[in-house]
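Enquirer: Quick one: sequence and predicted model below, then my questions.
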Amino acid sequence: MSLELKNLQISIDNKIIIDDLSLTVKPGEVHVIMGPNGSGKSTLANAVFGHPKYTIGVGKVIVDKNDVTKKSPDKKAQAGLFLSMQYAPEIPGVTVAHFIRVATAAMTHENKNPFEFHEELKKMMKQLGMDTSFATRYLNTGFSGGEKKRTEILQLLMLKPTYAILDETDSGLDVDALRIVGAGINAFHSSKTGLILITHYNRLLEYVVPDFVHIMVKGKIIKSSGKELAKEIEKEGYKKFL
């Protein structure tokens, strides 16, 4: 069982951004993808989840032996995938609680008892240092960058996917928020779940320990190693990989 990205070729407006990229994530593993701006990291995340702007021309996305390459984002979510976007959209008129409850019902095909749902939601919000009033606010509307990131991790903990791709979840977080978000990611991570963390910096990895670190340049993974590779990048930058 695994999340397999097999020989992916991804393009935008007929321009190839990623070519022949492969990566396998097994349950229990944490993979980190690092790379300079414009290397294709966010393109990979969005394309895997089915953003209409991106086209997978060649290759497959396989979730636990189930080919989901051409499936819609909701079907990919039901198969066990989750994406935390780099720039989470604002959705006026839809509260955080309502959004998560509807999303949970869509994934599980069952409506949880409202009292049980809200008790679990409050528990997870407390764990992430979020005031329970956030549940009644419109999703991401007027949220700070840190509040948006915590809300994404709240969704992760409530939806309980098998594989999660977190695109720059550490972006814009202060030290305290980074520690809390790291703890939330660790609460999700288990022997039954797999993670892909996309980041520019090593600081998140002080809280979430990776099994593999991959360097991505110009749409290709050019080097893979252990957590020491992230420290090397922090110290020396990407110059020698360009």
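Expert: Received, thanks. Residues are numbered from 1 along each chain as shown.
Enquirer: can you count the residues close to Tyr201?
Expert: Residues lying near Tyr201 (other C-beta atoms under 10 Å) number 15. Backbone N, C-alpha and C define where each C-beta goes, glycine included.
Enquirer: in stretch 142-153, what counts as buried?
Expert: Within stretch 142-153, the residues scored as buried using 16 or more other C-beta atoms under 10 Å are Phe143, Gly146, Glu147, Lys148, Lys149, Arg150, Thr151, Glu152, Ile153.
Enquirer: In terms of helices and strands, where is the fourth one?
Expert: Spelled out, it's Lys148. Element membership of Lys148 [criterion: DSSP states H and E] is helix 145-159.
Enquirer: Residues in contact with that helix: which ones?
Expert: For helix 145-159, the external contacting residues (C-beta atoms under 8 Å, 6 or more residues apart in numbering) are 77, 82, 84-85, 88, 96, 100, 103-104, 107, 120-121, 124-125, 127-130, 134, 139-140, 143, 164, 166, 169-174, 177, 180-181, 184-185, 187-188.
Enquirer: Mark which of those residues are buried, thanks.
Expert: 77, 82, 84-85, 88, 96, 100, 104, 107, 121, 124-125, 128, 130, 134, 139-140, 143, 164, 166, 169-171, 173, 177, 180-181, 184-185, 188.
Enquirer: now stretch 27-47, how far from the chain's geometric center?
Expert: Between the centre of stretch 27-47 and the centre of its chain there are 9 Å (C-alpha atoms, centre = their mean, to the nearest Å).
Enquirer: which stretches of this protein form helices?
Expert: 41-48, 73-79, 96-108, 114-127, 145-159, 175-188, 228-236 (DSSP state H).
Enquirer: Pipe those into CSV and attach distance to Ser11 and mean pLDDT per row.
Expert: Listed next are the helices of the chain as CSV, based on distance: least, C-beta to C-beta, whole Å; pLDDT from 0 to 100:
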stretch, distance to Ser11, mean pLDDT
helix 41-48, 9, 93
helix 73-79, 19, 92
helix 96-108, 29, 91
helix 114-127, 38, 92
helix 145-159, 27, 91
helix 175-188, 31, 90
helix 228-236, 27, 87
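Enquirer: TSV please, covering those helices and showing distance to Lys15.
Expert: Shown next, in TSV, are these (distance: least, C-beta to C-beta, whole Å):
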stretch	distance to Lys15
helix 41-48	11
helix 73-79	23
helix 96-108	33
helix 114-127	40
helix 145-159	29
helix 175-188	33
helix 228-236	27
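Enquirer: Going by neighbour count, which residues of stretch 228-242 are buried?
Expert: For stretch 228-242, by 16+ other C-beta under 10 Å, it's Leu229, Ala230, Ile233, Tyr238, Phe241.
Enquirer: Stretch 4-14 now?
Expert: Glu4, Leu5, Lys6, Leu8, Gln9, Ile10, Ser11, Ile12.
Enquirer: If we only consider those, which is nearest to Glu29?
Expert: Glu4 (12.4 Å; C-beta to C-beta).
Enquirer: ok, now which ones touch the closest residue in space to that closest one that isn't next to it in sequence?
Expert: Of all residues not flanking Glu4 in the chain, Ile62 sits nearest, at 4.1 Å (C-beta to C-beta, 6 or more residues apart in numbering). Ile62 makes contacts with Ser2, Leu3, Glu4, Lys6, Val68, Thr69, as judged by C-beta under 8 Å, 6+ apart.
Enquirer: could you list every residue that touches the spatially most central residue of the chain?
Expert: Residue closest to the average C-alpha location in the chain (C-alpha atoms, centre = their mean): Leu166, at 2.0 Å. Leu166 sits next to Ser84, Glu152, Leu156, Ile185, Leu195, Ile196, Leu197, Ile198 when contact means C-beta under 8 Å, 6+ apart.
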